[in-house]
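Trainee: quick check, what structure comes out for this input:
(2 chains)
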Amino acid sequence: ETGVTQSPTHLIKTRGQQVTLRCSSQSGHNTVSWYQQALGQGPQFIFQYYREEENGRGNFPPRFSGLQFPNYSSELNVNALELDDSALYLCASSGVNEQYFGPGTRLTVT
Amino acid sequence: AQRVTQPEKLLSVFKGAPVELKCNYSYSGSPELFWYVQYSRQRLQLLLRHISRESIKGFTADLNKGETSFHLKKPFAQEEDSAMYYCALRSDRGSTLGRLYFGRGTQLTVWP
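Mentor: I've put the predicted structure just below:
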């Protein structure tokens, strides 16, 4: 079992609200990526952070933003939530050869 | 543009039968391809990568650049193979900094 953890496990928000999701990387990993997985779809890349700097972004609007902290933990922030933001949000920290995924946060927007 | 296609959303086979999960990709550079698996109530985990040319849990996958395919195969399926399988392509080959492009996944069910 990997050391990537995410919180919270589940979250329900109302349209227009803001949400912060958290991820703790596996020890020693300085790169974290965030993915959105809508129902019935594969994970879609949101962005990646390397040593606290954004290092690549997918096709997501600016209301999706992130942070990486000196201890390499990370946050995903989403402003002005929309119904289509309902999804499983995954973070993955990168080792030498692969990305290790966390269990995900299930976000429901009503 | 990078794209990963898994044409089968669902695949069912009986125990002991061969199984092949299809994956096709489009990528302008030299691809690095992976298969990820997600068992029930577990997190997404790496099954195998094409660079390693290894067999994991009896599964193999060969990269066919001519057909731009990376199909996952197992000669004799087991019930414990039932899971969701995702094919993924990584840009920036050889670097863990590259993003992963995932297919939509294939749900494999192996019947007893």
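Trainee: now whichever residue of chain B sits closest to chain A: how far from residue B:33?
Mentor: Closest approach between chain B and chain A, counting by C-beta to the nearest C-beta: residue B:102, at 3.3 Å. Where C-beta positions appear, they are placed from N, C-alpha and C, glycine not excepted. The gap separating residue B:102 from residue B:33 is 11 Å, by C-beta to C-beta, to the nearest Å.
Trainee: need the residues touching each of those two.
Mentor: Residues within reach of residue B:102 and of residue B:33 at once, by C-beta atoms under 8 Å, 6 or more residues apart in numbering or on different chains, are B:87, B:88.
Trainee: could you find the closest non-adjacent residue to the residue of chain B closest to chain A?
Mentor: residue A:42 (3.3 Å; C-beta to C-beta, 6 or more residues apart in numbering or on different chains).
Trainee: quick revisit: bridged to the residue of chain B closest to chain A, which residues?
Mentor: Residue B:102 forms beta bridges with residue B:88, as assigned by DSSP bridges.
Trainee: burial check on the one residue in chain A that gets nearest to chain B, number of neighbours?
Mentor: Nearest residue of chain A to chain B (C-beta to the nearest C-beta) works out as residue A:42 at 3.3 Å. Residues near residue A:42, counting by other C-beta atoms under 10 Å in any protein chain shown, number 21.
Trainee: any residues of chain A in contact with chain B? List them.
Mentor: Applying C-beta under 8 Å from any C-beta of the partner chain, we find that chain A lies next to chain B at A:2, A:4, A:31, A:33, A:35, A:40-45, A:48, A:50, A:55-56, A:58, A:90, A:92, A:94-99, A:101-104.
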